[in-house]
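[1] Next input, structure requested:
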Amino acid sequence: MDIKAAGTVPSRRAPSDWFTGTVWQDPLIETPAPARLQAVIVRFEPGARTAWHAHPLGQTLHVVSGSGLVQVWGQPLREIKAGDTVWIPPGEKHWHGAGPNTTMAHIAMQEMLDGKSAEWMEKVSDTQYSGEA
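    Numbers count the residues shown, from 1 in each chain. Okay, the predicted model is just below:
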């Protein structure tokens, strides 16, 4: 058993290669093999968002505060808010983030396959973010 006491794992700024705007990550767990679970609390400032990406084994998002947006490639924007849980199937190209005027925090849960939990792609343009694309 391994217990990580609250406050002992530092917050980290999300990498600008994969995110637009100010995003903070608070790692919850990355289990050792053979387990594959990875979970992190992600806090987005207004307008902040991920780049387009996909997960080899899918992803679950649980919104813990605020409201935001999520979109699957080729589909309309969807609003998400505190209490919502989103399942994104394996390989589905998508992005998620805060609304233009609101913060949003979610718990992101995914499993790693061969040590990789995501395939990162191009950034979401402002036109795509606004739903005009």
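
[2] biggest strand in the protein by residues?
    In the chain, taking DSSP state E as the definition, the longest strand is strand 59-72.

[3] State the paired neighbours of the helix or strand that comes right after that strand in the sheet, together with their directions.
    Next helix or strand after strand 59-72 toward the C-terminus (DSSP states H and E): strand 78-81. Strand partners for strand 78-81, identified by DSSP bridges, are recorded as strand 59-72 (antiparallel).

[4] Tell me how many other residues surround residue 55.
    The tally of other residues near residue 55 (other Cβ atoms under 10 Å) stands at 24. Every residue, glycine included, has its C-beta placed from N, CA and C.

[5] before we move on, back to that, in the longest strand of the chain, what counts as buried?
    Buried residues in strand 59-72, defined by neighbour count with 16 or more other Cβ atoms under 10 Å: 59-63, 66-72.

[6] With stretch 91-100 instead?
    Buried-residue list, stretch 91-100, by 16+ other Cβ under 10 Å: 94-99.

[7] Straight-line length of it, end to end?
    27 Å (Cα to Cα, to the nearest Å).

[8] what's in contact with that stretch?
    By Cβ atoms under 8 Å, 6 or more residues apart in numbering, the list of residues contacting stretch 91-100 from outside reads 20-21, 23, 44-56, 58, 61, 66-73, 79-80, 86, 88, 104, 106, 121, 124, 129-130.

[9] Check stretch 111-124 too.
    Everything outside stretch 111-124 that qualifies as a contact, by Cβ under 8 Å, 6+ apart, is 17-18, 20, 30, 36-38, 49-59, 71, 93, 95, 97, 110.

[10] got it, and stretch 22-29?
    By Cβ under 8 Å, 6+ apart, stretch 22-29 touches 4, 9, 11-14, 37-45, 48, 50, 97, 107.

[11] make it 10 Å
    Residues outside stretch 22-29 that contact it (Cβ atoms under 10 Å, 6 or more residues apart in numbering): 2, 4, 9-16, 19, 35, 37-50, 97-98, 103, 105, 107-109.

[12] Perfect, that will be all.
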